[in-house]
Every structure is written in C-alpha cells, then in structure tokens.
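Asker: Here is a sequence together with a model predicted from it:
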Amino acid sequence: MTFDPRIFDSCALATSVSAVSLLLLLPLSRQLGLVDYPDQFRKRHTFNTPLVGGLSIAIGMLAGWWYAGAFSKFEDAVICTALMLVVVGVADDLFNLKVSVRVIAQLAAIAIVVISSGVYIHSLGNLHGHELTLGWLGVPFTVVAVIGLLNAFNLIDGMDGLAGCLTLVAAGGIEFLSNRNGSTMQLASVAVIAAAVLPYLAANLGLFGPRGKVFLGDAGSIMLGYLLAWSLIGMSQSSPRQISPGLVLWCVALPIFDTLTVMFRRMHRGESPFTADRGHIHHLLMDAGLKPRDALLCLVAFAAVLPMLGYVIHQSAGAMANALAFAALLVMYAAFTAHLSRRREKSQRLSQAVSEMLIAAHAPARNPARIRQRFGQHGPLVAKSRIQRETDLPT
C-alpha cells in the first residue's frame, strides 16, 4: 500500500476547520444553552464550561472526509449515522433525554450500518488454523460491542484531556497494528478523526486560557467511541484484513477496563451499574493524591503501552496467549482499582472520625442526639457531601 498524499491534506484541513469551528461556537454556546455547570461531587470544574468540543470535532472531520472522498458504502453509512448520534447527543446536553431515547438512537444507527453495508463482526480471528466464526450471533455481538465502546468513551470522559488523548492513542494504535493491506481510506478516516480532535484537546487542556476551555459533551464522547468502534470492526472484518481481530481490543483497552471494573464494583455493592459515583480510574488517582495532569500522563502512558504489548504477545505467543493476557491484565487492573477504592474509603472514614471528634471537643455541651438529628447517623462530613443521585448511563 502506497502513501496517499490526500491523507495528509485531509488531516490538515480537518484540524484547521475544527479550530475555526471551535472559535465560532464558543460565543454561541451560552446562547444555545450548551454549557456544563459545576457541582460539589463529580463536576468539580470552577466555572461554567461550553459543551461544543464534540460539535467542532464533527465539523472538522466532515471537512477532512469530504476532501479525502472515495469512501465505500460502509464509511458513508458510518459517517451519516455518527452525525445522527451527534444530533441526539446535543439534544441530550440540552434537554436531558430519556435513556430509552438514547438507546433507540444508538440501535438505529448500528442497524443502518449493518443493513446498508453488510459489515459486522462475523469472525473473532484465526486460532490454531481454525476461523472462529460467529454465524447468526455476529449481529447481536456487533450491537453489544459498538454500544459498549461508545458508552465506555462517554463514561471515561471525566477529566480534562483524557477522552481526547485516548482517542489519539486508539488512532495511533490502529495505525501501528495495521498491516497496511487493502484500501487506504479506512486508515485515512482514522487519521482525520485524530487530526480533528487536536484543537479541542488543546482548548480542553486550557492551553488557550480559561475563556477558551471547552468540554466534549455527550455528542462528542459518543461520536468518538462510535467511530472508533466501527473503524476497528471494519478493518478487522475486511478482506484482506487490515488488523487482526485479536488485536483490536488493545487499542481501546483502558476505556474497556475502566467501564467493566466500575460497573462490577457498583453491582457488587448492590447498586445500579449506571449509578453516578467517583469510582473511575481518574477519580481514584486524584483522590489518592495525584495532580490532574500527573494522573492524565500516567493514564495516557499506560494506554499507549497496551497496543504495543498486545502486538508483542500476539506475534510471539499467538492468539490464545494474547486473549489470556488481555483477561489477566483486566483482572490486575480491577485489583488495583479496588485497592485504591478501599484506600480512599479508609481515608474518608478516618477524616469523618476526626471531624466528629473536633466537633465534640468544641461543643461538649451539645446533645449528641441533636447532632445526629441534624447531620444524620454518619456525621456532618458525610452529610455535607451528600448529593442527589443522577444516572451515569451514557448517551
């Protein structure tokens, strides 16, 4: 496969248009109501922040894809349905849509791609000379895979720069693991995604100052997860294959690890897997004492190493060892995050005990029953941080 100069030109155009779109959308965000407001629990940013990052990325990608041209029915279907999900995401940012509406939109988008292009996960790869085909299970497996990954990107979008950097890591992993067989258009589409993300990422990290800071919004995180999911499916199920099906999960391993472990811990506590909390890896690292930028660097470095690790294992030990290694790393990740969670709970209990001791020392004459009546059974510290539960189900 030879390098197509249109790929570079398409990426440059996507970056430029995305940056201009961001500048134009920023002053309109408050008029449109696309603003994220801080709270005392999960949203700890210090000022109201525009939710137009996803829109600027979408506009930039459209420009880059239009210039590249020559896409197949599959790429055209993915692009059109991704824009449909962007519209739904913007509506959700504005009106807080019901979960059922968002899920129906996601299912409809997947159905359009499968029906119009015939692309879905029909094989899990080759194991000891035998093709692991899914048969009639291929379509439902594809639905679970796409919805799972787009929601994983939505859930992990909780710290400045994280979702954007993981998108770049995934795009880089796809380029690294691709065997360069077949059409250049799928690789071009992935490169355009990465290029369009760059202006948003710079703004999200505060490189343009507080007034230029933006968030992805549900429209952006859902769109990125959706596009990456279909890019991996298209390249691993094409003929000839551009990437081995056994390697695709390594490109997006961190969002998958985090989503699975967070949902498991919630269900283990008897809660809904979509209950909002501060149990994601970035929350745990910051609560353990890391600064946000340090936590970001650690997570991005970890995510970037995983595709290379998967490649080495797959090449040296085969597909079965590759799958076992992925599962083993998931277990180790779950154990590590569980340790951080227990450590945080222990610190919170100690802080609560100290707080109650200080209150008792400064107000010995007060009636303990009245203190409990005012603050609840768990003391004033927990009462102060108690907030109304809200759903964490991604759009």
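Answerer: Sure thing, it's come through. Numbering: from 1, shown residues only.

Asker: And stretch 253-265, how far out from the chain middle?
Answerer: Put simply, stretch 253-265 sits 11 Å off its chain's centre (CA atoms, centre = their mean, to the nearest Å).

Asker: now that stretch: mean pLDDT?
Answerer: For stretch 253-265, mean pLDDT is 95.

Asker: what comes up buried for that stretch?
Answerer: 253, 254, 255, 256, 257, 258, 259, 260, 261, 262, 263, 265 (16 or more other CB atoms under 10 Å). (Each C-beta comes from the backbone N, C-alpha and C, glycine too.)

Asker: need the strands for the stretch 1-150 of the chain, in chain order.
Answerer: 35-36, 49-50, 123-127, 130-133 (DSSP state E, counting those that start in this stretch).

Asker: Quick check: which of those strands has the most neighbours on average?
Answerer: strand 49-50 (a mean of 24; mean count of other CB atoms under 10 Å).

Asker: For that strand, enumerate the helices and strands it packs against.
Answerer: Judged by 3 or more CB pairs under 8 Å, 6 or more residues apart in numbering; DSSP states H and E, the packing partners of strand 49-50 are helix 5-32, strand 35-36.

Asker: can we see that at 7 Å?
Answerer: In terms of contacts (3 or more CB pairs under 7 Å, 6 or more residues apart in numbering; DSSP states H and E), strand 49-50 is packed against strand 35-36.

Asker: Just checking the distance from stretch 75-93 to the centre of its chain.
Answerer: Here the centre of stretch 75-93 is set off from its chain's centre by 16 Å, with CA atoms, centre = their mean.

Asker: quick one: contacts of that stretch?
Answerer: 34, 51, 54-55, 58, 65, 97, 102, 105-106, 109, 112-113, 116-117, 185, 189, 217-219, 222-223, 226-227, 230, 395 (CB atoms under 7 Å, 6 or more residues apart in numbering).

Asker: Tabulate the strands of the stretch 1-150 of the chain (JSON lines), appending mean pLDDT.
Answerer: Listed next are the strands of the stretch 1-150 of the chain as JSON lines, based on pLDDT from 0 to 100:
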{"stretch": "strand 35-36", "mean pLDDT": "87"}
{"stretch": "strand 49-50", "mean pLDDT": "91"}
{"stretch": "strand 123-127", "mean pLDDT": "87"}
{"stretch": "strand 130-133", "mean pLDDT": "87"}
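
Asker: Please list all residues in contact with residue 293.
Answerer: Neighbour list for residue 293: empty [criterion: CB under 7 Å, 6+ apart].

Asker: can you pull the pLDDT of it?
Answerer: For residue 293, pLDDT reads 94.

Asker: Over to residue 324?
Answerer: Looking at residue 324, the pLDDT reads 95.

Asker: Now name the helix or strand holding it.
Answerer: helix 319-362 (DSSP states H and E).

Asker: which residue is nearest the centroid of this structure?
Answerer: By CA atoms, centre = their mean, the chain has its centre lying nearest to residue 153, at 1.5 Å.

Asker: Nearest residue to residue 185 in space, ignoring adjacent ones along the chain?
Answerer: Nearest residue to residue 185, sequence neighbours excluded (CB to CB, 6 or more residues apart in numbering): residue 71, at 5.6 Å.

Asker: er, residue 55 I mean
Answerer: residue 25 (5.8 Å).

Asker: again, but for residue 219
Answerer: residue 89 (3.0 Å).

Asker: count of residues packed around that neighbour?
Answerer: The local packing of residue 89 (other CB atoms under 10 Å) involves 29 other residues.

Asker: Rounded mean pLDDT for stretch 109-119, please.
Answerer: Average pLDDT, stretch 109-119: 96.

Asker: Just the buried residues of that stretch, please?
Answerer: Neighbour counts over stretch 109-119 (16+ other CB under 10 Å) mark 109, 110, 113, 114, 117, 119 as buried.

Asker: With stretch 279-294 instead?
Answerer: For stretch 279-294, by 16+ other CB under 10 Å, it's 279, 280, 281, 282, 283, 284, 285, 286, 287, 290, 292.

Asker: if I look at the fifth one, how far off is residue 307?
Answerer: Between residue 283 and residue 307 the distance is 25 Å, computed by CB to CB, to the nearest Å.

Asker: got it, and residue 59?
Answerer: Remark: distance between residue 59 and residue 307 (CB to CB) = 29 Å.

Asker: Next: residue 324.
Answerer: Residue 324 sits 17 Å away from residue 307, taking CB to CB as the criterion.

Asker: out of these two, which sits in the more crowded spot?
Answerer: Between residue 324 and residue 307, counted using other CB under 10 Å, residue 307 has the larger neighbour count: 24 against 12.

Asker: quick one, what contacts the spatially closest residue to residue 14 that is not a sequence neighbour?
Answerer: Using CB to CB, 6+ apart and skipping the chain neighbours, the partner closest in space to residue 14 is residue 64 (3.0 Å). The neighbours of residue 64, taking CB under 7 Å, 6+ apart as the test, are 10, 11, 13, 14, 192, 195, 196.

Asker: circling back to that earlier point, check what pLDDT the residue nearest to residue 55 gets.
Answerer: The model reports residue 25 with a pLDDT of 93.

Asker: swap in residue 236?
Answerer: 93.

Asker: any idea which element it lies in?
Answerer: Judged by DSSP H and E, residue 236 forms part of helix 217-237.

Asker: That helix: which residues count as buried?
Answerer: Neighbour counts using 16+ other CB under 10 Å place 217-237 of helix 217-237 among the buried residues.

Asker: Output the contacting helices and strands for the next helix or strand after that helix.
Answerer: Proceeding N to C from helix 217-237, the next assigned helix or strand is helix 248-251, under DSSP H and E. If you count contacts as 3+ CB pairs under 7 Å, 6+ apart, helix 248-251 packs onto helix 162-177, helix 217-237, helix 292-317.

Asker: Nice, that's everything, thank you.
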